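*Asks:* Predicted model, plus sequence, below.
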Amino acid sequence: MPSVDVVDETFLAVPPAVVAAEFAVPSRWPQLWPDLELEVMADRGVEGIRWTVGGALVGSMEVWLEPVLDGTLLHYYLRADPAGPDGRPRPLSRRRAAAETARRQRAAKAIAFACKDRLEAGREPGEPPAR
């Protein structure tokens, strides 16, 4: 089991294609995950992207976009270990793994909420989603 295991879900009141565009541009990835080096493992278009992860962590990461009601459920997964000096994974102690997982959970939620704020563009609750 990896040291860092993050699972997050956030609802956005916009179509999956709009959310997919947020993650489709490789030049944006360093802004979202500055300490990670990402290589596409599977580009599923409007359903999301799966990456292999290098840099500070070694493992896999995924954004899965699920159409739900009038919007998209953004699923985020990160499963990785910190990289050692040789670039290979080195598991953390339970305490350090819990701290790193909590830090990555906060970062994932910050990315999701920033995306939500930008894409919903001030949409009031109960209004139809932006198209």
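*Replies:* Received it, and whenever you're ready, just let me know what you need.

*Asks:* can you give me the helices for the chain?
*Replies:* Along the chain, counting by DSSP state H, helices occupy 16-23, 29-32, 94-120.

*Asks:* Relative to Val68, which of those helices is closest?
*Replies:* helix 16-23 (9.3 Å; Cβ to Cβ). Where you see a C-beta, it was placed from the backbone N, CA and C, and this is true even at glycine.

*Asks:* what's the average pLDDT for the closest one?
*Replies:* Across helix 16-23, the average pLDDT comes to 96.

*Asks:* change the start of the numbering to 33 and stick with it
*Replies:* Taking 33 as the first residue, the last one we looked at is helix 48-55.

*Asks:* contacting residues around that helix?
*Replies:* The contact list for helix 48-55 (Cβ atoms under 8 Å, 6 or more residues apart in numbering) reads 44, 60-61, 64, 77-81, 95, 97-99, 104, 106, 147, 151, 162.

*Asks:* Buried ones among these?
*Replies:* 44, 61, 64, 80-81, 95, 97, 104, 106, 147, 151 (16 or more other Cβ atoms under 10 Å).

*Asks:* where does this structure have low pLDDT?
*Replies:* For the chain, residues meeting the criterion pLDDT under 70 lie at 160-163.

*Asks:* Now distance to Pro114 too, for the helices of the chain, in CSV please.
*Replies:* Listed next are these as CSV, based on distance: least, Cβ to Cβ, whole Å:
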stretch, distance to Pro114
helix 48-55, 24
helix 61-64, 19
helix 126-152, 7
